[in-house]
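Student: Predicted model follows, preceded by the sequence.
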Amino acid sequence: MKLKKICILGGGTAGWMTAAALAQKFTPSDMEIVLIESEQIGTVGVGEATLPHIRYFNNSLGFDEAEFMRATKATFKMGIEFCDWGKIGDRYIHPFGDYGKPINGIPFYHFWNRQRLQGDDTRLDTYSYPIIASEMGRFRMPDEDHSKIESTFGYAYQFDSSLYAKFLRTFAEGKGVMRIEGKVTNVEFAPESGHISSLTTEAGDVISAELFIDCSGFRGILIEQALKSGYDDWSGWLPCNRAIAIPTRSSGPLMPFTRATARKAGWQWHIPLQHRTGNGIVYCNEYISDDEARHELIQNLDGEALAEPNQLYFLTGKRRKLWNKNVIAIGLSAGFLEPLESTSIYLIQEGITALLELFPDKSFQQTDADEYNAKMDLYFERVRDFLLLHYVATERDDSPMWKYFRNMELPESLTEKINTWETRGHIIKYEFGAFLPPSWVAVMVGQRLLPARYDCRVDKMSETELAKTLLDMRAEVMTAAENTKNHQSFIAEFGAAIPASAQR
């Protein structure tokens, strides 16, 4: 009953991540893996920022970290800076790490919150090592000694996604994956089961398989055009539906974080790579025209443009079935949520992980598909709620878009999360989801959605002891950050720097 052949439709990041993971799991004698892609169609190719989860994916494939970074012209990433979200003039960093260290099992932010409610206006950020190090433009690897503040963070990368796809392609082909160039012009079905049986390219190649992975991007050639799986439209909650991307020449120091700046009808990204800076604006065309958005983006660039602006169109949401019959959608064919928190590659990775955990045989048990769809629904929904939090935890009402968010009816799941935080200072922890409690704390506190209470166990500490504990933690964070190497210097010492000839 074991499957013998898999066909992946589409390359790019999603297709080649899937191919690489499957090639690592199966030998060519166990499983034939074919990937079909067309150079003419190309890929979106603007995803440049990631979450720490990508490190575990790379490690599972045995990649040398420095080699991977050189190949993708990557920088390290300790978090995301948000500007003008709570109100114009605000800025905060969502760190890939904790605030302080737990005390007697109680999250450190509760101790800060008690002091805040007594009138102390010290930023929560000053207790976060990755935030202070990021603000200084510094980076190091997490310390293996968990008693040290330098152990309380993770990190991700900022890289060229098209180069990452090429890096993965080399790996996958080296393990036996066969690539076929061409556009698919016909889909054949098995009459008894309704499963897809083969694909035909415009060159006349017929590729049969037992399992098909749809990585064909927004078009969803198999999951939607062929199988009519349906789409859950979430544009009522996340109305931004367009983006314009443009690379620029690097300027200023190489900072270890991505920046997202809120605009009147969307937001603008800034992602520093070794050889250039990725920029773009995400917006809703109901509140701003394409020409106005392009002008706003170009006016706010901090370096020389290296290419013409690239216009993209999308509809936020997800397929109603990501696994339908013998087709599994991964990447943009599965759904799209704006890249405000760098979740696109994370959702690809979770789709691949769930596939490997629930890998089918020829019987294609419906229970496996149901479990896959339920799990991926949770991942998408929890990312949706986290993105939406950025828009609704705000005092802004300076444009029609921000007024729209101020009057929005939220998903029940997000309402519960916000209410629990505001009333008790507690973050509901999920079994599945990209973001741990410190991430939710970062956005809520950063956008001044502050709790009225704290964990009552904190009151066991006297005021004098509390003040000393907070002072000592700030000093520990600052000392550690000051002793951390410059980000760009660390990249060079790590062996991940690209040659000068490639820095263009």
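Tutor: Alright, I've got the coordinates. The model shown is predicted, which means the values in this text are computed figures rather than measured ones. Residues are numbered from 1 along each chain as shown.
Student: Next, Glu341: phi, psi?
Tutor: phi -120, psi 30 (degrees, to the nearest 10).
Student: who touches it in this structure?
Tutor: Glu341 sits next to Leu51, Ile80, His94, Val383, Phe386, Leu387, His390, Ala434, Phe435 when contact means Cβ atoms under 8 Å, 6 or more residues apart in numbering. Glycine gets a C-beta too; all of them are placed from N, C-alpha and C.
Student: Please repeat the previous calculation with a cut-off of 6 Å.
Tutor: Going by Cβ atoms under 6 Å, 6 or more residues apart in numbering, Glu341 touches no other residue.
Student: can you pull out the helices in the stretch 201-350 of the chain?
Tutor: Shown for the stretch 201-350 of the chain, the helices assigned by DSSP state H, counting those that start in this stretch span residues 290-299, 344-357.
Student: now the first one: mean pLDDT?
Tutor: Going back to what we said before, that points to helix 290-299. For helix 290-299, the mean pLDDT works out to 97.
Student: what distance separates that helix from the middle of the whole chain?
Tutor: 25 Å (Cα atoms, centre = their mean, to the nearest Å).
Student: Keeping just the C-alphas, turn it into CSV.
Tutor: As requested, the backbone C-alpha atoms of helix 290-299 are provided in CSV (Å, rounded to 0.1, in the frame of the first residue of the first chain):
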residue,chain,number,x,y,z
ASP,A,290,-1.9,51.8,-6.8
ASP,A,291,-0.2,55.0,-8.0
GLU,A,292,-0.5,56.7,-4.5
ALA,A,293,0.8,53.5,-2.8
ARG,A,294,3.8,53.4,-5.2
HIS,A,295,4.5,57.1,-4.6
GLU,A,296,4.3,56.6,-0.8
LEU,A,297,6.7,53.6,-1.0
ILE,A,298,9.3,55.4,-3.2
GLN,A,299,9.1,58.6,-1.1
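Student: tell me what it is packed against?
Tutor: Judged by 3 or more Cβ pairs under 6 Å, 6 or more residues apart in numbering; DSSP states H and E, the packing partners of helix 290-299 are strand 242-248, strand 277-283.
Student: again, 8 Å this time
Tutor: Other helices and strands packing on helix 290-299, by 3 or more Cβ pairs under 8 Å, 6 or more residues apart in numbering; DSSP states H and E, are strand 242-248, strand 266-272, strand 277-283.
Student: export those strands to CSV and tack on mean pLDDT?
Tutor: Listed next are the helices and strands packed on helix 290-299 as CSV, based on pLDDT from 0 to 100:
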stretch, mean pLDDT
strand 242-248, 95
strand 266-272, 97
strand 277-283, 96
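Student: the domain parsing of this structure - what is it?
Tutor: Split into domains by automatic domain parsing, the chain comes to 5-48+160-233+316-364, 95-155+397-487, 242-313.
Student: for the ones you listed, which one ends up most surrounded?
Tutor: Burial of those is given as mean neighbour count (mean count of other Cβ atoms under 10 Å); domain 5-48+160-233+316-364 ranks first at a mean of 20.
Student: what helix or strand does Thr469 sit in?
Tutor: Per DSSP states H and E: Thr469 is located in helix 463-482.
Student: Show the pLDDT at Glu431.
Tutor: Glu431 is given a pLDDT of 70.
Student: closest to Tyr157 out of the helices and strands packed on helix 290-299?
Tutor: Tyr157 lies closest to strand 266-272 among these, at 10.4 Å (Cβ to Cβ).
Student: now Met401: how far from Asp145?
Tutor: Met401 sits at a distance of 46 Å from Asp145 (criterion: Cβ to Cβ, to the nearest Å).
Student: swap that for Ser363, sorry
Tutor: Distance of Ser363 to Asp145, given as Cβ to Cβ: 49 Å.
Student: One more: Tyr92?
Tutor: Here Tyr92 is placed at a distance of 28 Å from Asp145 (Cβ to Cβ).
Student: cool, and Lys166?
Tutor: Lys166 is 37 Å from Asp145, by Cβ to Cβ.
Student: Equivalent analysis for Leu61, please.
Tutor: Look at Leu61 and Asp145: by Cβ to Cβ, they are 28 Å apart.
Student: ok, the residue sitting nearest the centre point of the chain - contacts?
Tutor: The chain has Thr343 as the residue nearest its centroid, 1.9 Å off, counting by Cα atoms, centre = their mean. Neighbouring residues of Thr343 by Cβ under 8 Å, 6+ apart: Leu51, Leu337, Val383, Leu387, Ala434.
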